[in-house]
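Peer 1: build me a structure from this.
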Amino acid sequence: MDPERPHAEAVFVRGNRIEAVGVEAEIVALAEADTRIVDAGGASVLPGFVESHIHLFAGAVEMANLSLLGVKGFDALASAVRAYASERSGLALVVGQSADYTILSDTERLTRAHLDTILPGRPLALVAPDHHTVWANTIALEQAGLLQGRDLGPGNEIVMGADGLAAGELREREAFEPVIALGGGGRASLGLSTGGEPDPYPDAAGIDADLDTLRRGLAYAASLGITSIHNMDGNRYTLDLLARLDAAGELTCRVRVPFHYRNVRKLADLELASAIARDYGGDRLASGFVKVFYDGVLDSWTAVMVDPYADRPETRGDPLFSAEDFKALAVEIDRRGLQIAVHAIGDGAVRTVLDGYEAAIAANGRRDSRHRIEHIELVHPDDVPRFAALGVVASMQPPHPPGSAGLPLEPTVSRIGRARWAQAYAWRTLKEAGARIAFSTDWPVSPLAPLASIEAAMTRQPWAPGLPDQRLSLHETLEAYTAGGAYAGFAETRTGLLKPGFLADLVVLRGDIEAASSAAIGRLGIALTICDGRVTAGDLASV
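Peer 2: Numbering: from 1, shown residues only. The predicted structure is shown next:
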């Protein structure tokens with residue numbers, strides 16, 4: 001991915017740095033008595049993948065939950081849940097992940113009545129793929145204190161039934177967190193739910209369990225060729241755990257962890273973000289940015305839109321901050337020299353976040369802030385050129401568009417409406433307008449494998465004739481997963497390229513990615529992952 005040398009035959013690593021890149025004969029001549037020579041056999045060697053949007057701790061926990069990916073229809077759902085629950089009688093809460101909004105049918109939404117029929121005597125929660133909606137059965141709602149409803153903050157909703165009781169659908173985290181908490185292990189989701197610290201602080205056994213969870217997630221990421229992670233939730237506890245792993249030589253990926261600012265916090269709380277940034281700023285483990293949620297998601301009508309939803313014309317979605325409050329927040333974070341990463345899915349949310357970044361420039365002056373917007377599932381044409389003008393990074397996820405990566409078209413395309421389809425998931429549009437693009441998966445929202453995500457970026461099809469082709473080329477997509485991610489994390493002078501002097505983060509594929517068809521890239525597989533000069537996945541002897 002080095003524009004000065006886009007291709008090479010060999011790379012020489014000494015310690016944790018790349019020392020030379022070039023033709024095979026020149027590189028082999030550098031070998032010394034103890035140099036290990038690895039022949040990739042014509043397979044591609046790339047910079048290690050940068051996963052620019054992930055929820056590491058929670059994703060690692062969810063690896064043990066029931067996966068409902070691809071399950072369709074009541075009978076299939078019931079069979080999967082009952083089989084899983086019968087083998088795990090000790091679970092306080094049975095959790096199913098990746099339950100499509102249309103898991104029953106394109107028109108029938110899940111209710112607690114459905115879940116009571118499937119598993120009446122034990123708490124049950126099904127989590128939507130986007131993790132912004134949870135469906136719970138009656139006993140789970142009762143134990144969580146939600147069956148009668150509850151007052152919630154803006155953008156959160158307990159859907160109520162005609163009988164005056166909760167219908168089972170819980171929209172956004174404040175609504176469903178009490179149900180998820182029934183399962184215990186809430187420390188893993190603290191960085192996402194509140195950004196707060198564990199209270200009470202865990203004992204040694206709890207810390208060891210959390211370390212094991214993070215080891216599992218990190219090992220999984222490394223097995224997929226990932227060498228750098230931008231976590232999108234966090235607190236000091238998460239950083240402290242990762243620091244323990246780093247000290248023990250067990251941190252198998254570079255990790256950036258933010259301070260999560262919720263709308264219940266005060267601007268003075270940003271001193272915590274500054275303190276964390278001062279304490280963690282290394283090449284392997286760093287903070288230095290603040291994560292914010294501005295809206296929800298399209299499928300539950302909680303994303304904030306410029307114009308109303310096509311299938312619910314009275315609704316535009318409720319923001320989690322007022323426009324003025326967000327401007328004040330952006331100005332203060334920027335004043336502290338921290339990066340901002342904001343979840344903004346609807347075009348109304350994207351516009352307001354851009355307005356906030358513009359206000360930060362007006363108040364503090366222009367600097368190399370690289371503020372980010374996460375997801376950008378809809379962008380108004382008027383706002384497309386503002387990304388380049390303001391220096392904003394577009395952090396986007398190729399597996400997310402409906403119809404891609406096995407996702408159903410409904411209900412999302414009906415929420416957006418035909419008139420706005422051309423403005424949805426518009427990574428080609430943004431790139432051609434000069435925006436910096438960083439790709440990722442938002443794991444555990446989507447499967448973590450970068451190769452599958454690269455395939456999705458290259459094979460996506462328009463929803464109707466005449467819509468823009470948003471696909472990127474192979475090299476554009478690889479850049480968004482390597483150099484683009486490094487740029488988004490202020491690491492473009494150290495990672496993201498195979499270049500002399502750069503940190504030794506490499507991935508060896510099980511094939512030639514340039515020779516593979518775009519539809520076969522996801523099946524190439526990973527032979528070897530090297531992070532910071534150490535093998536973190538795969539076996540040198542097998543390459």
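Peer 1: who's in contact with Thr495?
Peer 2: With contact set as C-beta atoms under 8 Å, 6 or more residues apart in numbering, Thr495 has these partners: Pro47, Gly48, Val50, Thr227, Ser228, Arg254, Ala486, Phe502, Leu503, Asp505. C-betas here are computed from N, CA, C, even on glycine.
Peer 1: one more time with 10 Å, if that's ok
Peer 2: Listed by C-beta atoms under 10 Å, 6 or more residues apart in numbering, the contact set of Thr495 reads 47-48, 50, 227-228, 254, 283, 482-483, 485-487, 489, 502-505, 531-532.
Peer 1: what's the answer for Ile526, then?
Peer 2: Applying C-beta under 10 Å, 6+ apart, we find Ile526 in contact with 49, 222-226, 449-451, 507-510, 537-538.
Peer 1: burial measure for Ser473, as a count.
Peer 2: Counted with other C-beta atoms under 10 Å, the neighbours of Ser473 add up to 12.
Peer 1: swap in Asn263?
Peer 2: Neighbours of Asn263 (other C-beta under 10 Å): 18.
Peer 1: what of Glu432?
Peer 2: When neighbours are defined as other C-beta under 10 Å, Glu432 has 11 of them.
Peer 1: what pLDDT does it get?
Peer 2: Looking at Glu432, its pLDDT is 98.
Peer 1: before we move on, back to that, so which of the contacts of Ile526 is the most crowded?
Peer 2: Result: Ile226 is most packed of these (other C-beta under 10 Å), 33 neighbours.
Peer 1: I'd guessed that residue sits against Leu218; true?
Peer 2: Yes: with contact defined as C-beta atoms under 10 Å, Ile226 counts as touching Leu218 (9.0 Å).
Peer 1: shared neighbours of the two, which are they?
Peer 2: If you check Ile226 and Leu218 against C-beta under 10 Å, 6+ apart, the residues they both contact are Thr252, Cys253, Cys531, Thr536, Ala537.
Peer 1: the residue nearest to Ile27 when sequence neighbours are not counted: how many residues sit nearby?
Peer 2: Computed as C-beta to C-beta, 6 or more residues apart in numbering, the closest residue to Ile27 that is not its neighbour in sequence is Ala10, at 3.6 Å. By other C-beta under 10 Å, 19 other residues sit near Ala10.
Peer 1: rewinding a little: which of the shared contacts of Ile226 and Leu218 fall in strands?
Peer 2: Cys531, Thr536, Ala537 (DSSP state E).
Peer 1: which SS class is the residue nearest to the first one when sequence neighbours are not counted?
Peer 2: Spatial nearest neighbour of Cys531, chain neighbours left out: Thr227 (4.2 Å); criterion: C-beta to C-beta, 6+ apart. With DSSP: H, G, I helix; E, B strand; the rest coil as the basis, Thr227 sits in strand.
Peer 1: now do whichever helix in the chain runs longest: distance to the chain's middle.
Peer 2: Ranked by number of residues, the top helix in the chain under DSSP state H is helix 204-223. Taking the mean of its C-alpha atoms, helix 204-223 sits 18 Å from the chain's own mean (C-alpha atoms, centre = their mean, to the nearest Å).
Peer 1: got it, and stretch 8-23?
Peer 2: Stretch 8-23 sits 31 Å away from the centroid of its parent chain (C-alpha atoms, centre = their mean).
Peer 1: and for stretch 39-58?
Peer 2: Using C-alpha atoms, centre = their mean, the offset of stretch 39-58 from its chain centre is 15 Å.
Peer 1: dump the residue contacts of the closest residue in space to Glu4 that isn't next to it in sequence.
Peer 2: Counting by C-beta to C-beta, 6+ apart, Lys499 is the residue found nearest to Glu4 once chain neighbours are left out, at 7.9 Å. When contacts are counted by C-beta under 10 Å, 6+ apart, Lys499 touches Met1, Asp2, Pro3, Glu4, Arg5, Ala8, Val11, Ile18, Ala20, Val21, Pro47, Thr493.
Peer 1: ok, Lys499 to Ala388 distance?
Peer 2: Lys499 sits 25 Å away from Ala388, going by C-beta to C-beta, to the nearest Å.
Peer 1: right, and Leu506 touches Cys531 too?
Peer 2: Yes: counting by C-beta under 10 Å, Leu506 does reach Cys531; the two are 8.4 Å apart.
Peer 1: Val38 contacts Ile27, correct?
Peer 2: No: using C-beta under 10 Å, Val38 is not in contact with Ile27, being 11.4 Å away.
Peer 1: which residues do those two both contact?
Peer 2: Ala10, Val11.
Peer 1: tell me which residue lies nearest the centroid of this structure.
Peer 2: With distances taken as C-alpha atoms, centre = their mean, Asp442 lies nearest the centre of the chain, 1.9 Å away.
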